[in-house]
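structure here, sequence nowhere to be found:
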């Protein structure tokens, strides 16, 4: 990483600026003047892939703790601190990142920056609060397990990976959540919550120079600490098909097929993204918003082969942008009366066909048009724009984000065919079944 | 016995602004509203946030229109209405929509069937034309009806295995008994859906989907006049008159506490639903109830309930209350997901919060904070095209007036503590609450 330097800026467009404070904090400001709002996100390059056995789930638990008061925001003043400005706040943790946000009226900018600066340096980790969060998070885990689809997803992921820490769920394993201590949490927090491991994003009705001055005032005094080195991690190539079958009480069967897939910086990522659009409809690339509306998928191959034939009531594909190679997962809800074996056979027949024949020129154009539209739709608010800037800066680069549309447009038929052959190979495949057992 | 009310009719023209004389008022959304000769109301609003337009057509054809022996019909219509029209096959429709990156959503609530989508500006006229065709002339092809029926059956079975859905449906059935439209599951039952025919779908459409029963909203980066013109062209030929809206009875509040347990022993966590009936949306006490609910179970992650059950006791990942005033008295209910060992403690805590708020009311500070929050949230709510479109549909449906966004802050500021306390006293009575537990929990015979 180049040594941090004040005022080192890269102008991507007249309204967006990337700079770095002396302590290493990367700052991205984009002016959007359509509403009197500002959105502030603070991103940390830490997620569940930074965890080792015994402390799985620590990154997510740390995120929860970081809403529970700081040295200068006492516990009883957390409530309402941003609501006073009509604002909303939230945060999430996933495999590569942890992030926090506030969106409020623009006059709350200093307040939002103050909250994030406090979060970076001064969280309390009161032992009683640690215990309260332990049970809250176990409740979150058990709520997730109530959903058979989510349960299967977790089992499929941990079957597909045997070495890479992408294998364990972000929420962690129950035994680790029961055993971890306050010191485990605090140590993780201190190690990763340093300016050089963070990106602060401000998007909205602000003036760039003014916003940067305010950022400097809020964060400038946080000392520079060497950010932890990223461990070099890789998953050995999968040697053959894997399979996981869950048999539980339930009413509905679920099917999944997962394939090791390229990370977002790999040139193969965009051909696979187009391939997914052809198979299940284009989704876009915004984790915060794109998956809340269903994709246009009625012409998609797997929709026709599975939903239109009545084998499943829903089919979807997910290629999410990740720093390192993760999974492309196809999921389906099996129709009452249809069998998992039939769904699997029909799915694999379609995947086999695309591996042998590739996609057609019409399908390529359609996928590109759909993706172009989704990339527009997913940037409809200051919150969503700020999310995308910070997300891509954290797992790849702002350049990559700026170039999404052109990368999609540059994908060729040959690239998609090659990606299908390579990634949808049987040896790269993990099949998951949730087989319901009727209530006795 | 309860009185009967019909759903609200189209909004009157904008009511005169109310406010301090001489004060500077923000301009607000100022949507442009046109009513066609056939009765269709069209609201459009230019918004320059991105090169896209959101189209939202709401028809008063929600699940309250389901005949008593055909529960799930409106929902079935929503799953089939966009699967072929008199002019286009299902494949041709898919071609037209998918080819533009558009995914159409068709949703059903108690009173509305809504067709909505977002498209790029260049595609606006073409996509609006498709929305019009789908709303006005669906063909319900028999093979499509059968495939979607299968999907509905699967969705109903999934719901039966979802403790959150089971808890809420049981709560609504308890609060709205005897076949009340708010107490019936919108998707119907597996057996019931099996009986519905293509003719039922077509008749439902003919009976309820008419221009005088519909509101079209378009919001996006297109001139208002161009949007209105396009909508007028598409919908001018829409003919027909809907039946009068179905009568919906005002629910009777429970006279005693009612507790139901739905054991689902295959689950890890129990879902609690706990609630009351409240008031109708047009009730003058609406704003007081809205603020009361915000203080009780919304403000800053779950209000008082979140502070007690989540933050202090660490019992639940989620706990909140929601308030859904409707054409007749809608529900206010609390939802919490807790470990089965904590179910009784969590319900006791909810009872305690209800009793405290009903007995001692809210504080001046809580009221001021919630007012500030709800008023301050408006710019966020109205930032996106989809947010504006939903807001305008709500305003139109309940007849709140085209300047409602401008009047809203004044309405909230005017609410007094006495009014909020009165709302709490009237509704939050733990002795008359409906309580449902769904999950790995067995009843011990408690009342």
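Yep, that arrived. On a predicted model such as this, the values are computed, not experimentally measured, just so you know.

so residue A:343 touches residue A:313, yeah?
No - applying CB atoms under 8 Å, one finds residue A:343 not in contact with residue A:313, separated by 10.9 Å. Where C-beta positions appear, they are placed from N, C-alpha and C, glycine not excepted.

joint contacts of those two?
residue A:334 (CB atoms under 8 Å, 6 or more residues apart in numbering or on different chains).

all helices of the stretch 1-150 of chain A, in order?
When secondary structure is read from DSSP state H, counting those that start in this stretch, the stretch 1-150 of chain A shows helices at A:58-65, A:75-78, A:109-121, A:127-145, A:148-160.

deepest of the ones you listed, which one?
With neighbours defined as mean count of other CB atoms under 10 Å in any protein chain shown, these peak in mean count at helix A:58-65, which reaches a mean of 24.

and that one, what does it pack onto?
Contact here means 3 or more CB pairs under 8 Å, 6 or more residues apart in numbering or on different chains; DSSP states H and E; on that basis helix A:58-65 packs against strand A:88-93, strand A:98-105, helix A:127-145, helix A:182-192.

the longest one and chain B in contact?
Just to be clear, that refers to helix A:127-145. Yes - figure legend: helix A:127-145 in contact with chain B (CB under 8 Å from any CB of the partner chain); contacting residues A:131-143, A:145.

as TSV, those with distance to residue A:103 and pLDDT would be great.
Formatted as TSV, the residues of helix A:127-145 next to chain B follow (distance: CB to CB, whole Å; pLDDT from 0 to 100):
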residue	distance to residue A:103	pLDDT
A:131	31	95
A:132	27	92
A:133	24	94
A:134	29	96
A:135	29	92
A:136	24	92
A:137	25	95
A:138	30	94
A:139	27	91
A:140	23	91
A:141	28	94
A:142	30	92
A:143	26	92
A:145	31	91
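
need those residues in a markdown table (columns: distance to residue A:161).
What follows is these, written out as a markdown table (distance: CB to CB, whole Å):
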| residue | distance to residue A:161 |
| --- | --- |
| A:131 | 31 |
| A:132 | 32 |
| A:133 | 27 |
| A:134 | 26 |
| A:135 | 29 |
| A:136 | 27 |
| A:137 | 22 |
| A:138 | 24 |
| A:139 | 27 |
| A:140 | 22 |
| A:141 | 19 |
| A:142 | 24 |
| A:143 | 24 |
| A:145 | 20 |
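
burial count for the closest residue to residue A:45 other than its chain neighbours?
Spatially, and ignoring its direct neighbours in sequence, residue A:45 is nearest to residue A:197 (4.9 Å; CB to CB, 6 or more residues apart in numbering or on different chains). A total of 22 residues lie near residue A:197 under the criterion other CB atoms under 10 Å in any protein chain shown.

shouldn't residue A:197 be in contact with residue A:43?
No - in terms of CB under 8 Å, residue A:197 does not count as a neighbour of residue A:43; the distance is 9.2 Å.

give me the domain ranges for chain A.
Taking automatic domain parsing as the domain assignment, the ranges for chain A are A:12-219, A:242-437.

among the ones you listed, which comes closest to residue B:191?
Evaluated over these, closeness to residue B:191 peaks at domain A:242-437, with 12.7 Å, by CB to CB.

got the end-to-end distance for the closest one?
Between the opening and closing residues of domain A:242-437 lies a distance of 23 Å (CA to CA, to the nearest Å).

same deal with stretch B:283-303?
Start to finish, the residues bounding stretch B:283-303 are 24 Å apart (CA to CA).

same thing with stretch B:373-389?
Taking CA to CA as the measure, stretch B:373-389 stretches 22 Å from start to finish.

point to the residue nearest the middle of chain B.
In chain B, the C-alpha nearest the mean C-alpha coordinate belongs to residue B:109, at 5.7 Å (CA atoms, centre = their mean).

just the strands in the chain please.
Here I'm looking at chain A. Using DSSP state E, the strands assigned to chain A run over residues A:10-13, A:16-20, A:26-31, A:37-44, A:88-93, A:98-105, A:198-204, A:242-249, A:254-260, A:312-319, A:327-334, A:429-437.

should've been chain B
B:4-5, B:32-35, B:41-46, B:52-59, B:105-108, B:113-120, B:214-220, B:248-249, B:258-263, B:270-277, B:316-323, B:331-338, B:434-439.
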